[in-house]
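Asker: one predicted model, sequence on top.
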Amino acid sequence: MKFLRSPASAALGAVLAVSAGAANAAPFDIQVNFLGGLSASQQAIFTIAETFWESHITGYQEDPGLASMQINAQGVPIDGVGGVLGSAGPTTGVSTSSFLYTSTGTMSFDTADILALEIAGDLLDVIKHEMAHVMGFGTLWSSSAVGVPGKQEVYVDGTGQYTGAWALAAYQAECDAGATSVPVEIGGFGPGTDNGHWDEVDFCGHGSEFTNPELMTGFLTPGATVSTTTIASFADLGYTTTATHMPPMSPIPVPSGMVLTASGLVFLGFIRRRKSRA
């Protein structure tokens, strides 16, 4: 499967500016609101994904005044079996003195595909990956790209070089001590995959998509893990995390037999079935 994120060319639906308060004024919390089209078992998988991220994203470096990040989730007809599996991304945000945070987001999955994903054991990873995009991975790397300049700027489209200090330090520790950036996918796979995911081949070493696959690349790969670099990247977006504000952690294994997912912003990205690399 191939996961897509739409280009960062649209502004966030609405952004509330607030004064920065004390860090960790409230714990990070995700509230998923189910709008229909999802079975009870599928809703339970959303809850598992929510708990996963809440266990590693612990709070905010600047208080955005959010009781919780609200995500509307639904199953809807999109394009039939195969093709686009779903879409996800932030829809509104909150701006503090240094950061742009997601306040609301949306996640939609094609009702023609979601049962097959669940049966195959892939749905949890798809949801975890898409939820990360709602939180800002690959979608809020550049606040100016979504119409809110002056906040986090850790990636420039087309460069393939993520330069956020927290993620880069983690990448140097676990992958490449001499790295000057974290490699981002720009392999010509189109808007949605390029510029919004770690590079599938070069992340943590050439061929790591086979030897040590990472959840937040643009393609599904069995046996994926969530690296310390991925967790640390959320500190570049203004969160406190278990990788950056607590004792060091090891890479987090993804449950056996499950794989990843990707997404977009208010301009929503799309998930498609994987295409083999040339």
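Answerer: In hand now; what should we look at?

Asker: helices of the stretch 1-150 of the chain, start to end?
Answerer: Secondary structure of the stretch 1-150 of the chain (DSSP state H, counting those that start in this stretch): helices at 40-56, 114-120, 123-135.

Asker: buried set for the first one?
Answerer: Taking 16 or more other Cβ atoms under 10 Å as the basis for neighbour counts, the residues of helix 40-56 that come out buried are Gln42, Ile45, Phe46, Ala49, Glu50, Phe52, Trp53, His56. In short, each C-beta sits where N, CA and C put it, glycine included.

Asker: same check, this time on stretch 182-191
Answerer: Val182, Pro183, Val184, Glu185, Ile186, Gly187, Phe189, Pro191.

Asker: which one of these is nearest His197?
Answerer: Of all those, His197 sits closest to Glu185, with 4.7 Å by Cβ to Cβ.

Asker: can I get the buried residues of stretch 182-191 in a markdown table with pLDDT, secondary structure and distance to Gly150?
Answerer: Formatted as a markdown table, the buried residues of stretch 182-191 follow (pLDDT from 0 to 100; DSSP: H, G, I helix; E, B strand; the rest coil; distance: Cβ to Cβ, whole Å):
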| residue | pLDDT | secondary structure | distance to Gly150 |
| --- | --- | --- | --- |
| Val182 | 98 | strand | 23 |
| Pro183 | 97 | strand | 27 |
| Val184 | 97 | strand | 22 |
| Glu185 | 94 | coil | 27 |
| Ile186 | 93 | coil | 26 |
| Gly187 | 87 | coil | 31 |
| Phe189 | 81 | coil | 31 |
| Pro191 | 77 | strand | 25 |
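
Asker: dump those into TSV; add distance to Pro149 as well.
Answerer: Output for the buried residues of stretch 182-191, formatted as TSV (distance: Cβ to Cβ, whole Å):
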residue	distance to Pro149
Val182	23
Pro183	26
Val184	21
Glu185	25
Ile186	23
Gly187	29
Phe189	28
Pro191	22
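
Asker: and of these, the nearest to Pro90?
Answerer: Closest to Pro90, out of all of the buried residues of stretch 182-191 and judged by Cβ to Cβ, is Pro191, at 16.9 Å.

Asker: now stretch 96-113: buried residues?
Answerer: Neighbour-count burial for stretch 96-113 [16+ other Cβ under 10 Å]: 96, 99-113.

Asker: determine which two of the residues you listed are furthest apart.
Answerer: Thr96 and Ala112 (40.4 Å).

Asker: check what pLDDT the closest residue to Glu118 other than its chain neighbours gets.
Answerer: In space, and not counting its chain neighbours, Glu118 is closest to Gln42: 6.0 Å by Cβ to Cβ, 6 or more residues apart in numbering. Gln42 carries a pLDDT value of 97.

Asker: distance of Gln42 relative to Val134?
Answerer: As judged by Cβ to Cβ, to the nearest Å, Gln42 and Val134 stand 17 Å apart.

Asker: now do Ser142
Answerer: 17 Å.

Asker: how about Glu174?
Answerer: Distance from Glu174 to Val134, by Cβ to Cβ: 25 Å.

Asker: mind listing the strands for the stretch 1-150 of the chain?
Answerer: For the stretch 1-150 of the chain, the strands defined by DSSP state E, counting those that start in this stretch cover 2-3, 15-17, 30-34, 57-60, 69-76, 84-95, 100-110.

Asker: could you pull out the strands for the stretch 151-278 of the chain?
Answerer: 161-162, 182-183, 225-226, 239-241, 252-253, 271-272.
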